[in-house]
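1. Okay, sequence plus prediction incoming.
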Amino acid sequence: MLAPVLVTPPTVELISIDEAKAQLNVDHADDDALIKAIIEAAVSYIDGWSGVLGRALAAQTWKVEACGFSACMRLPLGNLISVTSVKYYDQAGLQQTLAPTVYAAHSDALGPFITLKDGQSWPSTATRADAIEITWTAGYGAAAANVPAAIRQAMLLLVAHWYANREAVVIGDAASPLPFAVDALLKPFRRVGI
């Protein structure tokens, strides 16, 4: 499978400027642009394919391509909301859309995946790296309130840490890692292999 591509980013603001300013105890607008930039950095640190959780937070649409069908087609990013489409290039090189009656979407401890429904079979595909294209929507939901409170609190702690420490934090001879509370809040949500 190729790396997933973000098709439609989240449309909701996970942490508002007002929430961040309350966490920072800031009551002026002088640093609003800086705070917004730090919020964006905190969200991108945690959210999406390259985020530390390896999952989508607010509803967003992703696409992944693969060279062929397999018994279990893993989607590299959860939490699965829905599979939008499964497309493939047939042996004549024409792109086709697979009927949703052929496959089913599931999720387990490793994340979301699609499999064949009983009595169905995968179609033959052209030989190419992008023979299959799966598009799906992932996230906890469309609203910021759908994202678990622990994840949102971890983002607020990151914002506060990065606002207070605008340079690398060094204690003695070593750089200080992110605050322990951030790791503790995020740990239950990290995807790990079984």
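-> Yep, that arrived.
2. What's the local residue count around S50?
-> S50 is flanked by 11 other residues according to other CB atoms under 10 Å. For glycine as for every other residue, the C-beta is placed from the backbone atoms N, C-alpha and C.
3. got the contact list for it?
-> S44 (CB atoms under 8 Å, 6 or more residues apart in numbering).
4. ok but it is inside a strand, no?
-> No - counting by DSSP: H, G, I helix; E, B strand; the rest coil, S50 is located in no strand; its state is coil.
5. got the CA positions of the biggest strand by length in the chain in CSV?
-> What stands out as the longest strand in the chain, according to DSSP state E, is strand 80-89. C-alpha atoms of strand 80-89 as CSV (Å, rounded to 0.1, in the frame of the first residue of the first chain):
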residue,chain,number,x,y,z
LEU,A,80,-13.4,4.6,10.7
ILE,A,81,-16.6,6.6,10.1
SER,A,82,-17.4,5.2,6.6
VAL,A,83,-15.9,3.9,3.4
THR,A,84,-16.7,6.4,0.6
SER,A,85,-15.6,4.3,-2.3
VAL,A,86,-13.4,1.5,-3.5
LYS,A,87,-12.2,2.0,-7.1
TYR,A,88,-9.9,-0.1,-9.2
TYR,A,89,-8.4,-0.2,-12.7
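6. any idea which helix or strand comes after it?
-> In the C-terminal direction, the helix or strand that comes right after strand 80-89 (DSSP states H and E) is strand 95-97.
7. Report the distance from that next one to the chain centre.
-> In terms of CA atoms, centre = their mean, to the nearest Å, the gap separating the centre of strand 95-97 from the centre of its chain is 26 Å.
8. Relative to that strand, what are the paired strands and their orientations?
-> strand 80-89 (antiparallel) (DSSP bridges).
9. Go ahead and name everything in contact with the longest strand of the chain.
-> 59, 61, 69, 95-98, 100, 102-103, 105, 107, 111-112, 114, 123, 125-126, 128, 130-139, 141.
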